[in-house]
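1. Let's see this in three dimensions:
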Amino acid sequence: MRLDSQAITILILLLAVIYMGLLERVLERMRLTGRQAMFILLAIILGGSLPVLPVFKGLKINAGGMLVPLAVVVYLIATADERAEKIRSLFTILVTVIVVWAFDRLLPLEPGMFFPDLDPLYLPAVVAAVVAYGLGRSRRASFIGAFMGVLLVDFLAWIENLAHGFADITVVLGGGGVFGAALLSGVLAVLLAEIVGEIRERFQRV
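-> As a prediction, this is how the structure comes out:
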């Protein structure tokens, strides 16, 4: 399962925004340059077009949708200034995965139930963004928690399939629309951190 059209659209929009230099400040705080970010996005697009990689009993991985983001997240955690932020990032991922998984199970949504033409896959992305920001606090930890929190929900689904004896059901990590939801969640979490951070800074100056 490759990246869907919505995920590709989000990636292209991010490429355009980064190219115009509109996210320079956010990237600097995450220890990334504009060129590095564009290279990562291009790697995701190219990797997402490759055949999926089989792992074990129905579990497969999309190289662009899972391996590249995972490498980026490892880099972001490794380059965090404080040990507390590294631990907070990992904790945020864990809690976000659980919350999104529970949200997906407890509130099965049909398209158009709340918002016309809104893919229900993107509603958990909003939940993940809010949870990740609330726990992560920093832009880096918020992005890591929201992004990986959504991506890894499929891993829980695979474990759930194995527990019920459905090893023949294929689960692709980072494939389809899940990657688009994860990316949207990460972007929303960073925007929340940026907006709230700006408001706090302004109040502190008064």
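2. Return the alpha-carbon coordinates of the host helix or strand of Arg88 using CSV.
-> Remark: Arg88 resides in helix 83-106, with elements defined by DSSP states H and E. Extracted in CSV, the C-alpha atoms of helix 83-106 (Å, rounded to 0.1, in the frame of the first residue of the first chain):
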residue,chain,number,x,y,z
ARG,A,83,17.3,14.3,28.8
ALA,A,84,13.9,15.2,30.2
GLU,A,85,12.7,16.2,26.7
LYS,A,86,13.9,12.9,25.3
ILE,A,87,11.9,11.0,27.9
ARG,A,88,8.9,13.3,27.5
SER,A,89,9.0,12.7,23.7
LEU,A,90,8.9,8.9,24.1
PHE,A,91,6.2,9.2,26.8
THR,A,92,4.1,11.4,24.5
ILE,A,93,4.4,8.9,21.7
LEU,A,94,3.2,6.1,24.0
VAL,A,95,0.2,8.0,25.4
THR,A,96,-0.8,9.4,22.0
VAL,A,97,-0.8,5.9,20.5
ILE,A,98,-3.1,4.6,23.3
VAL,A,99,-5.5,7.6,23.1
VAL,A,100,-5.8,7.5,19.3
TRP,A,101,-6.3,3.7,19.4
ALA,A,102,-9.0,4.1,22.0
PHE,A,103,-10.6,7.0,20.1
ASP,A,104,-10.7,4.9,16.9
ARG,A,105,-12.3,1.9,18.8
LEU,A,106,-14.8,3.8,20.9
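3. Report the buried residues of the lengthiest helix in the chain.
-> Longest helix of the chain, by residue count under DSSP state H: helix 177-205. By 16 or more other Cβ atoms under 10 Å, the buried positions in helix 177-205 come out as 177-194. Quick note: C-beta positions are derived from backbone N, CA and C, even for glycine.
4. just stretch 12-32 next, same as before
-> Leu14, Ile18, Leu23, Val26, Leu27, Met30, Leu32.
5. quick one: which of these sit in helices?
-> Those of those lying in helices (DSSP H): Leu14, Ile18, Val26, Leu27.
6. For Phe166, give me its contacts.
-> Residues near Phe166 by Cβ atoms under 8 Å, 6 or more residues apart in numbering: Gly58.
7. for Leu90, that is, sorry about that
-> Listed by Cβ under 8 Å, 6+ apart, the contact partners of Leu90 are Ile77.
8. how much space between it and Gly176?
-> Remark: distance between Leu90 and Gly176 (Cβ to Cβ, to the nearest Å) = 26 Å.
9. now do Asp104
-> Using Cβ to Cβ, Asp104 is found at 14 Å from Gly176.
10. Over to Leu183?
-> Taking Cβ to Cβ as the measure, Leu183 falls 13 Å from Gly176.
11. following the helix holding Arg88, which helix or strand shows up next?
-> Using DSSP H and E, the helix or strand that follows helix 83-106 towards the C-terminus is helix 123-136.
12. what inclination does that next one have with respect to helix 83-106?
-> For helix 123-136 against helix 83-106, the angle by axes from the mean of the first three to the mean of the last three Cα atoms, to 10 degrees is 150 degrees.
13. helices or strands up against helix 123-136?
-> Where contact means 3 or more Cβ pairs under 8 Å, 6 or more residues apart in numbering; DSSP states H and E, helix 123-136 is packed against helix 83-106, helix 139-151, helix 177-205.
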